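Enquirer: give me coordinates for this.
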Amino acid sequence: MSITRIVKLCFEPEHLDAFKQIFVEKKAKIEAFQGCHSVIMLQDIHDPTICFTYSHWDSEEALNAYRNSDFFGETWARTKKLFRDKPEAWSVQNV
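Expert: So this is what the prediction gives:
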């Protein structure tokens, strides 16, 4: 069963551009992971320091394989330094 991963990320204003650059650099590699169909970034219209990533996966197992990869670990280490608040994440499915 396919799933969508939604991640809410709140950034320090001075780090927002750095996150956008990381996303642009890494997007194609994320989408190249086995089981990933797409990943997009959305930005809140009232608070631009709040962003969301939506990624579509074949399964939770495929998502977890990505999350356990060295690539994710390195990317997350760079990204988490930019936060102003703890990220939130949900894995959801169509009903």
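
Enquirer: show me the strands in the chain, by range?
Expert: Taking DSSP state E to define them, one finds strands in the chain at 3-10, 36-43, 50-57, 88-92.

Enquirer: redo these as TSV? Include distance to I30 and mean pLDDT.
Expert: No exception for glycine: its C-beta is placed from N, CA and C like everyone else's. Compiled in TSV, the strands of the chain are given as follows (distance: least, CB to CB, whole Å; pLDDT from 0 to 100):
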stretch	distance to I30	mean pLDDT
strand 3-10	11	98
strand 36-43	5	98
strand 50-57	7	98
strand 88-92	15	98
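
Enquirer: ok, the spatially most central residue of the chain to R67 distance?
Expert: Centroid-nearest residue in the chain: T53, 4.4 Å away (criterion: CA atoms, centre = their mean). T53 is 13 Å from R67, where distance means CB to CB, to the nearest Å.

Enquirer: these two touch, right, F11 and T49?
Expert: Yes: the pair F11 and T49 passes the contact test of CB atoms under 8 Å, sitting 4.9 Å apart.
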